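> After the sequence you'll find the predicted model.
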Amino acid sequence: MFSIDLTSRIPIYEQIYEKIIGLILNGTLKENDQLPSVRSLAKSTGVNPNTVAKAYQELERNKTIYSVPGRGSFISAQDNDEFRAKVLEDFDSAVNEALDRGITTSELKDRLDTLGSAFGKENKI
Amino acid sequence: MIELKNTVKKFDEYTALDGIDLKIDKGVAFGLLGSNGAGKSTILRLLSGIYSPDSGEVLIDGKSVFDDPEMKQKVFFINDETVQFGGFTLKKLKDYYRSYYPNFSYEIFETLRKKVDLPLDKKINTFSKGMKRQAIVIIGLACCTDYLLLDEAFDGLDPTMRIIVKKMLVDAMLDRELTTIISSHNLKEINEVCDTAALIHNGKIVFSRDIDDVKGSVHKIQVVFRKDENGNIPEYKAEDFNSDELQILHFERSQSIYYIIAKGDEDVIRAVFGSKKPVLLEIIPLTLEEIFIYELEVLGYDSNNINEE
């Protein structure tokens, strides 16, 4: 389920954190799905159990997952607003960069319309 | 919990530890990093009660460990010279340690021994170097102490044995809050096994922190600024970016590209440099190895002497 790059520059707990978020966003992990225990994830990835626990604590703190004593950790109901906010934030920064490099708003609008209608066609059926 | 309080240890004129303050919480896997002669082994020997400090305190669970048999039973120390009983068979060696450590687990011993296929009835001095290591690591884990000290002990183990030992450590950490302290100059090893690490240099602590925090703390930055209306590249100095939140450690310019090393969060760096609307901004966290080398360079230790791996 997870592959962790122990040699990466990215902190290991952050890799675990991001991986779980990613699996939720792409729909692999759904509400109330159970996460592997700290022990089994530590053993399968070779990651120190304290580091796995730290990633889980962080996910629990921002309510991405919840834990049931004696049973383990589970995926919470996801807040769709937060996901939307992130996507829109990325969009804004891309637009800012484009404007900064001299691309006009009308060019961008045309492009957005093209993308929008293409998406509409694909998803009509 | 382990505490060293202003600990000094001298050997004749030589000061091995020069006022060390160190706290290691229960249940962590702690890495002691440092160049050769930094004082790593001395700390482990103090903790196992082999040495007494010249001044300061060395406490395990609040009690001094030197010359206290009861405290010594809480600690197992594995180093190169641990196998002094070459004439013993593995069975006899096991019985010897079993008589000394009351929590000795025959089950752990046998499970591990069978996994790596070590013979019980052959004398230890007929074992290869790697087999001797395996034997003492297996006994060390089987003794089920609260504290396990490994002095460069991972180095001699083959990859399979490493994985077995790592999995054993996971269980021991979760089931009985084992505290492991591993000394090494092999950063890869520390990075893989430990969650917290201290860097030691010349008998002093340089830093002692969560490894993931260490990793996220220093970044390499490459930035190209936009030319002004006259086609000139703006001139910046390190001071232009220094702040309480961002410490510029290295500042260099080559043509239009600035190479910077800075201590600070990625978000802060992105905000500070992003506000100048750069054409290119790349922020890469340093590896543990780069931080290690950099920190020692700052202290005047030539990095060419460090990379022994």
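Happy to help now that I have it.

> Just give me the neighbour total for the one residue in chain A that gets nearest to chain B.
Proximity of chain A to chain B (Cβ to the nearest Cβ) peaks at residue A:11, 3.7 Å away. In this view, the C-beta of every residue, glycine as well, is placed from N, C-alpha and C. If you count neighbours by other Cβ atoms under 10 Å in any protein chain shown, residue A:11 ends up with 21.

> List the contacts of it.
The contact partners of residue A:11, taken as Cβ atoms under 8 Å, 6 or more residues apart in numbering or on different chains, are B:211-213, B:215-216, B:285.

> swap the cut-off to 7 Å and go again
By Cβ atoms under 7 Å, 6 or more residues apart in numbering or on different chains, residue A:11 lies in contact with B:212, B:215-216.

> same thing with residue B:127?
Going by Cβ under 7 Å, 6+ apart, residue B:127 touches residue B:135.

> Can you show me the helices along chain A?
A:12-25, A:38-45, A:49-61, A:80-100, A:105-122 (DSSP state H).

> ranking those helices by mean pLDDT, which is last?
Across those, helix A:80-100 has the smallest mean pLDDT, namely a mean of 83.

> Give me the residues contacting it.
Residues lying outside helix A:80-100 but in contact with it, judged by Cβ under 7 Å, 6+ apart, are A:25, A:108, B:277.

> Which residue is the nearest non-sequential neighbour of the first one?
With sequence-adjacent residues excluded and distances taken as Cβ to Cβ, 6 or more residues apart in numbering or on different chains, residue A:25 is closest to residue A:83, at 6.8 Å.

> how many neighbours does the one you found have?
Neighbours of residue A:83 (other Cβ under 10 Å): 13.

> Distance-wise, check it relative to residue B:290.
Plainly put, residue A:83 is 35 Å away from residue B:290 if you go by Cβ to Cβ, to the nearest Å.

> Check residue A:48 too.
Taking Cβ to Cβ as the measure, residue A:48 falls 21 Å from residue B:290.

> Out of those two, name the residue with the larger neighbour count.
Higher neighbour count among residue A:48 and residue B:290: residue A:48, with 28 against 18, using other Cβ under 10 Å.

> Only the buried residues of stretch B:66-74, if you could.
B:71-72, B:74 (16 or more other Cβ atoms under 10 Å in any protein chain shown).

> which among these gets closest to residue B:271?
Relative to residue B:271, the closest of those is residue B:74; by Cβ to Cβ it sits at 48.2 Å.

> what's the closest one in contact with, if anything?
B:60, B:145-147.

> switch the cut-off to 8 Å
So residue B:74 contacts B:60-61, B:145-147 (Cβ under 8 Å, 6+ apart).

> Which ChimeraX command selects the buried ones in those residues?
Only the buried entries of the contacts of residue B:74 go into this ChimeraX selection, using 16+ other Cβ under 10 Å:
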select /B:60,145,146,147
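
> which one of the contacts of residue B:74 is nearest residue B:265?
Taking Cβ to Cβ as the measure, residue B:265 sits nearest to residue B:147 out of the contacts of residue B:74, at 34.1 Å.

> May I have the secondary structure class of residue B:8?
strand (DSSP: H, G, I helix; E, B strand; the rest coil).

> List the residues that contact it.
Residues in contact with residue B:8 (Cβ under 8 Å, 6+ apart) are B:15, B:17-20, B:53-56.

> ok, of those residues, which come out buried?
For the contacts of residue B:8, buried by 16+ other Cβ under 10 Å: B:15, B:17, B:20, B:53, B:56.

> And the helices in chain B?
If DSSP H is used as the criterion, the helices of chain B fall at B:40-47, B:69-72, B:90-100, B:106-116, B:129-142, B:159-176, B:187-193, B:211-215, B:266-274, B:288-298.

> Rebuild those as JSON lines, extending it with mean pLDDT and distance to chain A.
What follows is the helices of chain B, written out as JSON lines (pLDDT from 0 to 100; distance: least, Cβ to the nearest Cβ, whole Å):
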{"stretch": "helix B:40-47", "mean pLDDT": "92", "distance to chain A": "20"}
{"stretch": "helix B:69-72", "mean pLDDT": "84", "distance to chain A": "25"}
{"stretch": "helix B:90-100", "mean pLDDT": "93", "distance to chain A": "26"}
{"stretch": "helix B:106-116", "mean pLDDT": "91", "distance to chain A": "15"}
{"stretch": "helix B:129-142", "mean pLDDT": "88", "distance to chain A": "15"}
{"stretch": "helix B:159-176", "mean pLDDT": "87", "distance to chain A": "5"}
{"stretch": "helix B:187-193", "mean pLDDT": "82", "distance to chain A": "5"}
{"stretch": "helix B:211-215", "mean pLDDT": "83", "distance to chain A": "4"}
{"stretch": "helix B:266-274", "mean pLDDT": "90", "distance to chain A": "9"}
{"stretch": "helix B:288-298", "mean pLDDT": "79", "distance to chain A": "9"}
